[in-house]
Each structure stands twice: as C-alpha cells, then as structure tokens.
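Chemist: Build the 3D model from these lines:
(5 chains)
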Amino acid sequence: MARRHKKTSYHKKLGQAPGSLTYTGPERVWKPSIELIQFNSSSYTDTMYDKSVDMFPHLKEDHVNWINIFGVHNTKLIENLGKQFNLHPLIMEDILSTEQRPKIEEFEDYLFFTLQMLTFDDESESINTEQISFILGSNYVISLQEEVGDVFDPIRNRVKNNIGRVRTSKSDYLAYILLDAVVDHYYIIDDKISQIIERMELQIIEREGDNQIVTKVVNLKKDALLLRRSIVPLRESIGNLKKGTSRLIEPETLKFLNDLYDHISIQGDSADQMREGLNNLIELNHSFQGARLNEVMKTLTIISTIFIPLGFLAGLYGMNFNYMPELHYKYGYYILLGVMACIVIAMFIHFKHKNWF
Amino acid sequence: MARRHKKTSYHKKLGQAPGSLTYTGPERVWKPSIELIQFNSSSYTDTMYDKSVDMFPHLKEDHVNWINIFGVHNTKLIENLGKQFNLHPLIMEDILSTEQRPKIEEFEDYLFFTLQMLTFDDESESINTEQISFILGSNYVISLQEEVGDVFDPIRNRVKNNIGRVRTSKSDYLAYILLDAVVDHYYIIDDKISQIIERMELQIIEREGDNQIVTKVVNLKKDALLLRRSIVPLRESIGNLKKGTSRLIEPETLKFLNDLYDHISIQGDSADQMREGLNNLIELNHSFQGARLNEVMKTLTIISTIFIPLGFLAGLYGMNFNYMPELHYKYGYYILLGVMACIVIAMFIHFKHKNWF
Amino acid sequence: MARRHKKTSYHKKLGQAPGSLTYTGPERVWKPSIELIQFNSSSYTDTMYDKSVDMFPHLKEDHVNWINIFGVHNTKLIENLGKQFNLHPLIMEDILSTEQRPKIEEFEDYLFFTLQMLTFDDESESINTEQISFILGSNYVISLQEEVGDVFDPIRNRVKNNIGRVRTSKSDYLAYILLDAVVDHYYIIDDKISQIIERMELQIIEREGDNQIVTKVVNLKKDALLLRRSIVPLRESIGNLKKGTSRLIEPETLKFLNDLYDHISIQGDSADQMREGLNNLIELNHSFQGARLNEVMKTLTIISTIFIPLGFLAGLYGMNFNYMPELHYKYGYYILLGVMACIVIAMFIHFKHKNWF
Amino acid sequence: MARRHKKTSYHKKLGQAPGSLTYTGPERVWKPSIELIQFNSSSYTDTMYDKSVDMFPHLKEDHVNWINIFGVHNTKLIENLGKQFNLHPLIMEDILSTEQRPKIEEFEDYLFFTLQMLTFDDESESINTEQISFILGSNYVISLQEEVGDVFDPIRNRVKNNIGRVRTSKSDYLAYILLDAVVDHYYIIDDKISQIIERMELQIIEREGDNQIVTKVVNLKKDALLLRRSIVPLRESIGNLKKGTSRLIEPETLKFLNDLYDHISIQGDSADQMREGLNNLIELNHSFQGARLNEVMKTLTIISTIFIPLGFLAGLYGMNFNYMPELHYKYGYYILLGVMACIVIAMFIHFKHKNWF
Amino acid sequence: MARRHKKTSYHKKLGQAPGSLTYTGPERVWKPSIELIQFNSSSYTDTMYDKSVDMFPHLKEDHVNWINIFGVHNTKLIENLGKQFNLHPLIMEDILSTEQRPKIEEFEDYLFFTLQMLTFDDESESINTEQISFILGSNYVISLQEEVGDVFDPIRNRVKNNIGRVRTSKSDYLAYILLDAVVDHYYIIDDKISQIIERMELQIIEREGDNQIVTKVVNLKKDALLLRRSIVPLRESIGNLKKGTSRLIEPETLKFLNDLYDHISIQGDSADQMREGLNNLIELNHSFQGARLNEVMKTLTIISTIFIPLGFLAGLYGMNFNYMPELHYKYGYYILLGVMACIVIAMFIHFKHKNWF
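Modeler: This is a model prediction of the structure:
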C-alpha cells in the first residue's frame, strides 16, 4: 500500500550539500526491482532485473526502452542510474525526496517529470500519495515508483497487445500515456470525495445538523488541498510543455498533451468545486445548528411562559394569610382553574400567531 | 429531456488508450439520426438520413452543408464520421465524453467547438445539461447533440425562410449563430435563478428566517457554479477566436464574435452576481435566525424575570412557620398583591426603557 | 424618470437572428424627438426635429454636429439612423437592448460608446439606470438616451455660451465631455450610498443591532454591484481608448481621457470600499446581535440564579410534614429571611466579581 | 491641523467644464504663502513671497529652485502659477481637487505628482489626510500643501545645512526626498494602528469579549483602507517611474526610486497585514462572545437543573391532600432532606463529569 | 538568541536623508567580529579579525573570499565596509535597517541579497527573525548576520572538508548554498507550526471546543503571515535571478537556483496551507462551541420542560381553597403521582422522538 500523505521530516537534510542523495520517505526494507520493457512496432520483450544490474548496456537503439523501477528508497540504485544516464545531481535528489512539488524540467538530453500518484483509501476515507517520477530520453523512458504497484499494468498490457498507437510511436508518447494514467486517477479521487460530500450533505439534512461532520469536513479540506497542490503546478508545467519547445516531444504528441492539459484543467476546477462544496457543508451544518438552537429555545420558552405564570397563581392561593376571601368562595377553585385554562389558551393563540409552532 | 448534471463515471475509461472511443454519458437506446441541410443564397434542401449513411459524398461544394446529428451515444456513427472528415481521434473522444469543459480547438482543416447546452427544469428547479459540439469546416458545419431537441429549430427556420444574413454568408456564420443560440439559453438560466433568489429573499423576510432555504441555496450554488463553469472557459476560447487568426473565420464574422464575447461576459458577470446573491441569502437567513433567537430569549426572559420573583413571594407566604406576623395582618394579602403589582409595573418600565418591546 | 434596474426579459429575443432590431426596455408610448446642435468656434444653432426626418442631409461639414436623440424605444428611428450613418447592425441592436454592458467599440468610421447613466432615487433609496449610447464620427456625435432627461443640459449651456474649450475643439472633445458628464453622476451615487451606510452604522450602534438593516444592506449591496458593473468595463474600455490608436481621437484629447480614466478608477475603488462598508455593517449588526443575546441571557440567568434557590427554600418550609422543628422556632421565619438575604448578597458579589453587571 | 478624511462634495463641480478650477476641500480663509528656496552646491537662499507675486522671473538657471506653496485653496494663485509654468489645465484642477487618487503623470516639460500626506490624530485615533502635489521641472520643484505644516522642515534643514547629497544633485533628487518624506509618514500610521490593534487584542482577551471594540475595529478598517488607497496607486506610479523613461529623472536617482518603491511595497504589505489583524480581532471578539454566552448558559442550566427538581419535591409535600402518608412519618422531613442532598450531589458529579466546571 | 519579530521603530529615521546610516534593530553592545574564509580547490584558510581591520587588502585574487560578519549594529564597521567594496549607500542603509523586505538587487559589480532568517522558539511557540544579508562579488561573498549564530556552521564544515562542489566552484555557488541554508530553515518553521496546528486540532476535538485556542490561533496566524512575507518576495527575486541575466551567476549555478526556487515555492504553498489550517481551527472551534451551547440548552430545556409543569401541579394541590374536592379523595395523592409519572414518561418519549438524547 502507498503511504498516507504527511510532512516528511525534511530537516534530516538540513545542512547537507544540495544534490546530496538522501531518501526522505518512510523507511522501507524490501528489495527494489527493475523491469525493462523494450518494444517497437514489431517486437516486444519484458525482462525483470536485479537492482545491481546496469541498464544502459541493455538499451536497444531502434526500440523504445521503458525502464520501470519499483522502490526509490535505495539510494545506491538511484545513484548508479544517475551515473549511467548522466542525470543532474539535483534530479537524483528530487527522485529521492518523496514530497516534491509536481514539475517538469527540461534538460539538454532528457525531460524530468515528477508528480504525485493519488489513491483513495476507502476505509479511512483519506488520500494516499506516492511520488512517481519519469525521465524521458530520446529512446527511453525511466519510470520510478515508490511501491510495487499496479498503476502501469493497463499500459503494459496495451504495449504488449499493441492497442492504440503506442507501439508505432516514440518514447515521448509512452511518457505521455504514463502521465495520462496518473492523471486519470485524480478523477477517482474527485469522484470519491464528491460522493462523500453528497452523503454528508444528506446526513446533515436528515439529522438536522451533525457536529462530527465538521471534523470530517476539515479533514477532507486537507485532502482537497492536497489534490489541488498535485494538480495546479502540473497544469502549469504541462502548459509549458505543450508549447512544443522541447525537441524530445514529437509534434503529433502535442495534441495529446493539449488534451491532457484539458483534463488537468477540469480536475483543477473540480478541486475548487470540492472546496466550495466543503465550505457549503460547514455553512449548512452551522445553519442547522442555529435552527436547532432556535427550536430548543422555543420549546423552553413556550413551556416556561405557560407554566411559570400558572405556577405563580397556584402559589398565590397556597399562601397562608388569615384573610384571603377568594379561598372561601364556593367555586373559587373552579374559577381559578377556568382562569388558568384561559391563560393557556391565550398563550397558545399568541404563539400560534407568532408562528412558533 | 436532457440529463441532470452529474459527475459521469469517468473511470469507465481508466486504463484505456487516449483517443479510444467510449461513450461516457447516461445509457441510451434510441436510434440516432442525421439531418443534412444544404443551402446557399438561392437554394435550400433539408434531408434526414439513417445513421449508417456516409455524409461526405453528399456534400455540395458551393453550398453551406449543415450536418446535424442527434444522439452522440452511437460510437460507430461518430467513428465513421471521424474517418470521413479526417477528424483527430481526441476530437472524437471529446464528442463522446459528455462532460467536457467548453473549448474551441483549432486544427488545420477545421475548428472544433464543444460547449454545454443548459436548460432549466422548472419542476425540480435545477439545471439540466447537454453537451453540444460543432465542427466547422470550410464549407460544412457538423453539429452534434446528445438529444433530439429543438434548440436549433429557430435557426433552421431562419435558414429556410432566408431571415438575416445566414443564407448569404459562409459556414463560419452558421457556426456563429449556432453558438449564439446556445449562449442565449444561458440568459434564461440566469433569469430563472435570479427570480428564485428574489422569491427566496422575500420568503426569508416574511417568515423571518427559514431553515429549509439553506438547503436550497446550497443546491442553487451548485447550479451557479455549473453555469460559471460553462461560461468562463468558453469566454476565453471565444476571446482567442475573435483575434481572427483562424483562416476559417471570415473577417466580417469577427464583429459578431465580438458581440458574442460581450454576451458571454455579461453572463459571466451575472453568474458572479448570482453567487453573491446566494451568499447574501444565507447571510440574511443567518441574521434573521439570530434575530429570532433574540426575540425568543427576550420573551422567556421577560416572563421569567417577572414571575419568578413573584412566585418566590407567593411561596414565602405559603410557608408554615408558626410565627409569621404578616400572615395575620388584616390587609396583609392585599398589601402583598399591591407589592406584586408594583414589581410588575417596575419591571415593565425597566424593559421598556431597555427597549425590549 | 429613469427605470429601476431590473433584468430585462432578454428571451423576447431568443431565436432571433443576431443584429435583428428589437427594443428590450420597458414599454414606452411617447414620441421620441431629435435635437440637432451644430456649432463651431463662431456659430451655434439648435433645432428640434420630428423623428421621421433624415438627419444626414442636415449635417454641416465644418461644424461639430451633435445629434441628441431622446427615446430609443422607436425601432424605426434607430433603423433609419443606422442606414443614414452606415452603422453596423449589431450596434443598432446594442442601442435597443437597454441592458448592455458598458463598452467602447471602434469601427472604421466611428466609435460606439454605450454606458449606464445612474441616478439615485432618494425616496426608495435605490439606483435607477438609463442606457446612454454615443456614436462619435469625424464631424458628428450622436447621443441616444432612453428618456427626455436633463443630464446633458449643462453641456448644452456650455456649448451655447462658449464656456471651456468645447467650441474650439472637434467632435471627439464633445464626446469626451458627454462621457465625463455621465461618469460624474457616479460620484453622486457613491456619495449617497456612503451617507446611507454612515447613517445605518449609527443606527446599528444606537439601537444596538437592528434586524431590518440586513434587508437594506442586501439591497444596497445589489446597488453597489450595479455601480461596479457600470464602472469596471468602462474603465477597461477607456483604458484602451486612451492609448490613442483611434484616428478619431485627437492627441490633445488623450490627456482628458487620461483624467477621465483616473476619475473612473477612483469610483471603482469607491465601489469596492462601499462593498466592504456594507459587509462591515452586517458584521457590526451581527456583533451587536450577539452582544444583545448575551445581555438578555445574563439578565435571565441572574434573576433565575437568585430566585430559584430562594423559591426552593420557601417551598421547603411550605411543606406539610408533621414533624418539621424549624417551623416551630420562634424566630424561624426571621432566620430564614436572613439566610435568604445572605444568599442574595452572596450572589450579587459573585456576579459582580464575574463582571456581569 | 490637517483635515479628517471625508468624502468631498464633488458635485459642487457637476456640470462644469473639465479643467475648470474649483477648490473642493474644506473652506479656508487664511492667506496662502509662497516660499522660494534656491540652492546649488555653493549657495542657498530662502525667501517668503506674497501670493500675488509671479515666481517665474525669480527662478535662477543654475540653481535648483524649490517653490513651496502653503494653501491650495486660493484658485487665483494656482491659476496664476499654471500660466507661468505652462501647466495643463487638468493638472491645476487636480491640485485643487483635494481627493485625488495618488498618481504621477508625465508631461513634456514636467512631471506631476499628487499623493496623500497622512497624519495620525492620537486623540480621535483616526487618520487625517492632506493632499500634497509636486511639479518637477528641469530646474525647479513646486510643492503644494493644503496647510502650513512642518512635514518638509527636516528637508529644508538638510538643504540649508548641506546634509546628504541634495545640494550636489539636481531637482529630481529634491523631488525624490520630498516624496520619501511623505512616504516615511506612512510608517508612523502603520505603527500607530498596529499598536492600537495589539492593545485591543489584549483588551478583548482580558475582558473576555468587548462589544464596543467592534465599532472601533470597523473605524480602523476604514483607516486601513485609506492607507491602502494612498499606497497602492503610488506604488504602481513609482514602479513606472523607476523604469527610467522620463528624461527629467537622472540615472543615479533611479536607485533611490527603487529604494522608495521597496519602502512602499513594505507598507502595502503592512496595510494588508493590518486588515487581516483587524479581521482577526473581530473573530477573536466573536469567539469570546460565544464563549461567554456558553458560560452564562451553563450557570443558568446548572442552577435550574439542580433547584427546579428540588423545588418540585418541596411543592409535592406542600400539597394539602388528606391522605399523604409520608407527611406523617416521623423522619419524613429528614428523609426528604437526605434525598434532596443526594440529588444535589448526583447532579454535581454529573456536571463535573461533563466537564462543565 | 535572535530577536522576536516586532515592528521596529522606523521613525527613528524620519526626516533623515536617504542612505544615511542608522541601525534600527534592538540595542546591542557586544563587539562585532569578522571572519575571513579563503579557499579554492586546493587551499583553505580561516581567520578571525577585529572589527577595525580593513578586509579589502586581505582578499586573494584566485580564491573565493568569504567574509562573514557577526553583528551589523556597528554603523562604523558597515560604513567602512561600504567604502572598501564601493557599495551603494542605500545598500548599507538596507543592511542596517533590520526589517527589510527580502530582496535581491543587481548592481554593476555585485549582487545584494537580503532575507530573513527564521528560527522557531519552542518555549514561546513563536518565530524569531534575524536579518541576513549577502553581497556577492566576482571573487568574494560578504555575509552579514545580526547575531553570532551557527546557521552557517554546516557550510563552513563543508567548505573546510571539501564536501560537495563548493571548493571547485566560484563565489556564486557559495552565495547559493548560503541562501539555501537560510531557506532550508523555513521548512523547520513550517514543520513546527504544522505540528502545533495538528495538536490544537486534537485538543479542540477532545475538549469539544476550547476558547483559549482562538487567542493562540490568532498569534500563529501572525507567524504564518511573517513566514509568507519572508517567502513571497524572495521567490520573486530568485525567479528573476534564475533567468540568468547577471554575469555574476555562472550558468551551471542556474540549475541550482531553479531548485532553490522550487523549494521556496513549496514553502509558499505551505504557508498558504498553514493559514487555511488555522482558519479551519477557528471554524472547528466555532462549530464545537455552537454544539456545546446546543447541548447545554437541551439539558436545561429537558429539565425545565419536565419539572416546571410538575411543579405547577404540586402547587395547584398546595392551594388553600376551602372547597377542593380532589384533596379529599382517598387515592387523590396516588392518582396525582400517577399522572405526574405519565407526564414524565410522555415527555421522555417526546424528546426521544425529537432525537434530543
């Protein structure tokens, strides 16, 4: 499983030289593995390697070489990779720092993508994040995941079974569909949170206000913010990329990037809508809370306003004065009961008139 | 009737290749149909075709060919259309995904428009959405609707009866008036919601706060957001289009696009105004709620403050002490009644002074 | 008098061809009239015409011709005017649609201005709007008003009596001072609303919260928004115009446009300030409402906390148990009174200490 | 002293020709005066003139001529000045209209600056404003103040005693230090308001909410807005000026303008911070108000919940039924007292448990 | 220790000439000291100097000379430094004014950086600020700190022990890692405040609202604002610097600046998130406060609604009317007790039904 989003203890790194390689994510002990998928329009091979193997000599010139690395917590592996592919030290640092802001950086020989894979944990109703990085070279794509996950399974299938245009395209198209696969997951998050919001709205309306919901809304707001922070910088980066200045991006891929940009824009809008929806929930709850207080107070006021004066009257004739002529009237008691009934009726009419029932 | 706006289950598509054609709207079984209207300044023909017919051979060079397609849920039809008119796969995907963000995309040979047709359901007081797409080529316009609707009836009439300049203009003017027809419907939404807001405002003022209104306001806020999301990206797209860089747009059409841009800007302002109006409603309700609570509490306080002390006095002389001289005064009872009356009067004056009545 | 701002029923026009002429304002039956003022540095003539007269032949080449039209509800008149001066159909449509967003549009031969004349109705304390349009040609200015009003009277006087530089300037300067006259009226609105806000603030403070004020604030907010919507697009338009790209604007007029731009900017700031002021009012009222509730509740609590225990004591000794020794003490009654007095004093000290008085 | 900021009655001017000279500030009767300071690196003279004297002939070519005018309410004086220095009529109008938005306007031969001098009145705890205008020519600076004030005294001293670089610089540096002197005063305002906010914060915390503070906060908000409105347009203007396009600004002065720009930016941030601080105060007060209400209600509830049931029990045994066996038990009274004590203790434990104390 | 952030009394400087040197921070008496570190790829020397020594003659041409100055409160020292390195007077003023807005200014021969070093005081849970300035010349870096601190210790070590690329790089890389070291500290602040927010959130939920938290939130809001104000202008400045227009920045350093820019962007986002988190806390507290009031009022209402009517009944049969037949029924008392029990049960059911328990 992926890791629940939390601030990484960045200060592990305080005082270190920039570009020095330290893994900042949660501790992991399992052995990372490397998968090399090589394909062109006519051939397809898929090989698993041990982490200690150098990838570079295995690349084939006329193929698209997709190096899929599971587990970025192995500093050695990343360092070795960096040397083979001549990566900038800061890039390697970024791969290892698992709380990067999404970005796309252009270098002479390759493009570096880093973004957040978001999955929704239905049980805790919160978002888990995993950092995914890509390096796009002229004939290779390196994808780096924190976990052994299945996010790229459908793409592996598509490549294997030659679905769509991936086999006839260059490495940039592969990078695009990897990006697209990650971004598509944002829709699920969006969907899930929207459903929760809808459900909570009903809850509030049914129960006429619900205090615990506010705690939950505050937590969902954090998730919505997280979603937003995964989306907004990515949108900007893809916006730059789709201008087509990088020679690594083929012209025909640009239309696809444009489409991806649109998808991300929709999600950006959704994240904003989500926030608004959550704020509305708080407002709704607040409003019901107020309404409830009003109702409670009305009940109290009606009962008090009716019985306190009656109680006073009863007390009055419970007094022990020697000379209280009413006490000796034959029908005094019944007259008093009548007066009390009149008071009750008058009060009822008064409150009815005031629209309190 | 059109479909109530809701999140489509986008994840139907998760893991599919980009550009793969899957219809994402609500399920539909009726057979789609195609209408071909061909006109120039002197002739006009209107023909209905079965979905399986190829349109391309029927186009006439010196006419404007308006291909109006009802029902975009038929993947086959769209695919076939795409092949005939050489449309980009992503465009076809966009036509089938019925929750597109409004946009205008420029291609070499054609312009693609997609926008939301909004209608207001008076019964449920909510907005229904339908996606409308256009493809504008040099001598044709393809319009694609989800439903067999009547939104373009007035335009068909105008073309048929040669009203306005449509018969003497090129296909870009037809596309413009189709756009204009959709955008004009936003005014109705705006109008309807404004009326509802006005009505609810009166309700709140009359009933001095109304709890159910908040639920309704929250729903209308979603509608206002939907309206806004239909408008803002469209405004931007038309803003780009009216710069006149596309060779498919004739110079004389630009003034009309400018006008359309103004209309959309007004609607954008209206959507903002609507939101502000809805927020004001909540504030108003909140304020009345508070006022009401104050009034209830004043009633309770006045009654309690008067009768609790009186009740105490009555209780005092209801005590059974052997030696309570007041009880044996001849006018003790009347004196006490007098004291009580004085207390009531004093309290009244006090509350009057405090402006509580 | 001008008309109270309300949404016009735009859908009258739904389905009509763009540029088709339909008057969308409130119904009017009086006959429109045309005034032709012609002047140069040495001569001045002022003639009233019937609506059916063609203006164009009356224009004098070496004069500034100011055609002032009262009543734009006459579609015929506007249509005729459009033909004479070769106006774009959309311009004529804009003149007739009385709810235009303020704008300035540049055409080959003329500039079109449309803006909102705002007047403040002191009785209903609300804003009335009237659409004013100008067409500025090389040697003429056409001004179109919905009503026979006196907004341009001071300008007519200035022209007649040769005050300022209007008689020695071209038509663009006349257009500028007409604009300026309309914009100056915004100051009055601003002033009036500011005074009302100030007055309401005092009311709230005096009455310690006032429920009806919220209803009024919500109405004023609509007015402030209306003011803002009249100002913001106009500022933008004038900002474009003062760049001096139009050949109809003389260079020396640019400084005046700059000044006008500053005025509008001040008003834009004022409108924002107004909104903030109105929001503050609601906050103020809310705060006083809360304070008042607190005060009411304190009163209730003090009275209850003192008398309920006393009442209990009185009730205690009103019980009819056979054996209650206190009842037979000679000074039982006085001792109890003493105890009660102690309780009251203790409570007083307690509440004083808690700062409740 | 300067005048308390209030809306000037702009409509005095309604209907007048633009550029016509009317003083719009508060009425003043004292005679304005003119001070002419002339200096270069070697000489310094300071002369006071009567308002009727023409300044232009007194200017010395190889000196910086600083004309300091006290009292802009004299239309004659300003008109005369305008003629001598060939000022644009709108500039003269701006000098006389004392509610100008801060701005810097570039003309062929001179730069016009107008800004707000803000002073803080410690007694009323509010801001007074005075409009200050400068005209910077190639060898002269005209400064115009509404009042005879001492804001420029330190600068006069610096010039006289040859402190800093002013005597060796041109007129643009003098204009800069005049500007700088005005802007420096904003720091005081900022400081004073910050102190008041700090003080009020303590007050709210000590008194646990304070109703009158809201009235004050609303007033301070107006002051903060005023500060902001003095700063923001000025920042923009100086931002333009420091680009160095005006030939009146020497290159070495640009660094100083840059510095001034930084100062104004800090103040802009401060004004925003102030607003946030004021909003926080309201929130704080609101929160304490709510807490206080809770406390009051708890007191009431505890007392009522304990004594109302006890009172009921007492009332029960005060009934006069013939057959009430408990009344005749020997220890009935003491048993009841015991039961009552138990109830009180149970209630105490209950409330303690609920954390109400 | 560093100084707690507070407004410096800027008006110390009011009326002084711009560029005049006055230290505006808190008073300090200790003697400042100067450290000169000189290194290149092969050599490293570290010398401490007295403040009165001129640095310039000690610089070595082929080394990077790092002059680290502790204590900027010594005006003499700064003045002397300025003369030696030919610094602009305004730069020296900026070094001494300890409340500068972060900025990077480009001069012909050097770059000037000023930024805020933020440290978190765990005890008072507030931020301390210290101004740090750098001057980057072609072969030297001057760093100026207010305090003798250890912020640059790790860097000194890195230089000494030849870790990373600092010894093989030019002075611009040294400046970069100094900047980076300061910026890295912002992460700690961010971390600490996030933890406090998390902790307070739990507190509010546990205690069901907590009044004192609002006071704390308001204080943390000020800290978040301070963080933001340290970050936002710096981001902008570094954004400009990384465009690479300064000849003092080597091309290979640009990638590092880019990385720094990303770090600062993350922190900017964090500061915004912090603010949102703090606002959520207030909302949460507000919501719990409301819920608590509701609970209190329900308790009161339930008790009152049950016992006030019962009390009335008891009072009724405590009356002393001569003729009250119920009093003489044999089972009157028991019947009444039964009626009372019924009322209690009915009320219970009623409140249960209303969901009040």
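Chemist: name the element residue A:127 belongs to?
Modeler: In the assignment (DSSP states H and E), residue A:127 maps to strand A:126-136.
Chemist: got the angle for whatever helix or strand comes next after that strand vs strand A:126-136?
Modeler: With elements assigned by DSSP H and E, the helix or strand that comes after strand A:126-136 is strand A:140-145. Orientation of strand A:140-145 against strand A:126-136 (axes from the mean of the first three to the mean of the last three C-alpha atoms, to 10 degrees) gives an angle of 160 degrees.
Chemist: Could you list the residues in contact with strand A:140-145?
Modeler: A:59, A:64-72, A:78, A:81, A:85, A:95, A:117, A:130, A:132-135, A:151-152, A:171, A:174-175, A:178 (C-beta atoms under 8 Å, 6 or more residues apart in numbering or on different chains). Any C-beta I mention is one placed from the backbone N, CA and C, and that applies to glycine too.
Chemist: so how far is it from its chain's centroid?
Modeler: 25 Å (C-alpha atoms, centre = their mean, to the nearest Å).
Chemist: Same question for stretch A:79-88.
Modeler: In terms of C-alpha atoms, centre = their mean, the centre of stretch A:79-88 is found 33 Å from the chain centre.
Chemist: what pLDDT, on average, does that stretch get?
Modeler: The pLDDT scores in stretch A:79-88 average 89.
Chemist: C-alpha coordinates for that stretch, PDB please?
Modeler: Output of stretch A:79-88 as PDB, limited to C-alpha atoms (Å, rounded to 0.1, in the frame of the first residue of the first chain):
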ATOM      1  CA  GLU A  79      23.000   6.900  -7.800                       C
ATOM      2  CA  ASN A  80      24.000   4.200 -10.200                       C
ATOM      3  CA  LEU A  81      21.200   5.100 -12.500                       C
ATOM      4  CA  GLY A  82      22.200   8.800 -12.400                       C
ATOM      5  CA  LYS A  83      25.700   7.900 -13.500                       C
ATOM      6  CA  GLN A  84      24.600   5.700 -16.400                       C
ATOM      7  CA  PHE A  85      22.200   8.200 -17.800                       C
ATOM      8  CA  ASN A  86      24.200  11.300 -16.900                       C
ATOM      9  CA  LEU A  87      21.500  12.800 -14.700                       C
ATOM     10  CA  HIS A  88      21.900  16.100 -12.900                       C
END
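Chemist: That one: which residues count as buried?
Modeler: A:80, A:81, A:82, A:85, A:87, A:88 (16 or more other C-beta atoms under 10 Å in any protein chain shown).
Chemist: and the first one, what is it in contact with?
Modeler: By C-beta under 8 Å, 6+ apart, the residues touching residue A:80 are residue A:54.
Chemist: Let me see the mean pLDDT of the helix or strand where residue A:313 lies.
Modeler: Using DSSP H and E, residue A:313 falls within helix A:251-316. For helix A:251-316, mean pLDDT rounds to 89.
Chemist: With stretch A:212-219 instead?
Modeler: 84.
Chemist: With stretch A:114-134 instead?
Modeler: 89.
Chemist: How about stretch A:120-130 and chain B, touching?
Modeler: No: legend: contact between stretch A:120-130 and chain B by C-beta under 8 Å from any C-beta of the partner chain is lacking; minimum distance shown is 11.2 Å.
Chemist: then that stretch to CSV, C-alphas only?
Modeler: In CSV, the C-alpha atoms belonging to stretch A:120-130 read as follows (Å, rounded to 0.1, in the frame of the first residue of the first chain):
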residue,chain,number,x,y,z
PHE,A,120,-8.1,6.9,-2.2
ASP,A,121,-8.3,4.7,0.9
ASP,A,122,-11.9,3.9,1.2
GLU,A,123,-11.6,2.7,4.8
SER,A,124,-10.0,5.8,6.3
GLU,A,125,-11.6,8.0,3.6
SER,A,126,-8.4,9.8,3.0
ILE,A,127,-5.9,10.2,0.2
ASN,A,128,-2.6,8.2,0.0
THR,A,129,0.2,9.7,-2.1
GLU,A,130,3.0,8.1,-3.9
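Chemist: any idea how far that stretch is from the chain center?
Modeler: When distances are taken as C-alpha atoms, centre = their mean, stretch A:120-130 is centred 8 Å away from the chain's centroid.
Chemist: Could you check that stretch and say which residues are buried?
Modeler: So stretch A:120-130, judged by 16+ other C-beta under 10 Å, has buried residues A:120, A:126, A:127, A:128, A:129, A:130.
Chemist: So the third one is in contact with residue A:226, correct?
Modeler: By that I understand residue A:127. Yes: using C-beta atoms under 8 Å, residue A:127 is in contact with residue A:226, at 5.7 Å.
Chemist: quick revisit: and which of the buried residues of stretch A:120-130 is nearest chain B?
Modeler: When the buried residues of stretch A:120-130 are ranked by distance to chain B (C-beta to the nearest C-beta), residue A:120 comes first, at 11.2 Å.
Chemist: Give the bridge partners for the closest one, please.
Modeler: Using DSSP bridges, the beta-bridge partners of residue A:120 come out as residue A:127.
Chemist: Can you give me the separation between it and residue A:128?
Modeler: With distances taken as C-beta to C-beta, to the nearest Å, residue A:120 is found 8 Å from residue A:128.
Chemist: now do residue A:179
Modeler: From residue A:179 across to residue A:128, the span is 19 Å (C-beta to C-beta).
Chemist: among the contacts of strand A:140-145, which are in reach of chain D?
Modeler: When C-beta under 8 Å from any C-beta is applied, no member of the contacts of strand A:140-145 is adjacent to chain D.
Chemist: Just the ones of those residues in strands?
Modeler: Counting by DSSP state E, the part of these found in strands is A:64-70, A:117, A:130, A:132-135.
Chemist: Need those residues in TSV (columns: distance to residue C:102).
Modeler: As requested, those are exported to TSV (distance: C-beta to C-beta, whole Å):
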residue	distance to residue C:102
A:64	57
A:65	60
A:66	57
A:67	60
A:68	58
A:69	59
A:70	61
A:117	49
A:130	52
A:132	50
A:133	51
A:134	50
A:135	53
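Chemist: Tell me the one of the residues you listed nearest chain B?
Modeler: Of all the ones in strands among the contacts of strand A:140-145, chain B sits closest to residue A:117, with 13.1 Å by C-beta to the nearest C-beta.
Chemist: Now find how far off-centre the one helix or strand residue A:219 maps to is within its chain.
Modeler: Using DSSP H and E, residue A:219 falls within helix A:211-241. Centroid displacement of helix A:211-241 relative to its chain, using C-alpha atoms, centre = their mean, is 6 Å.
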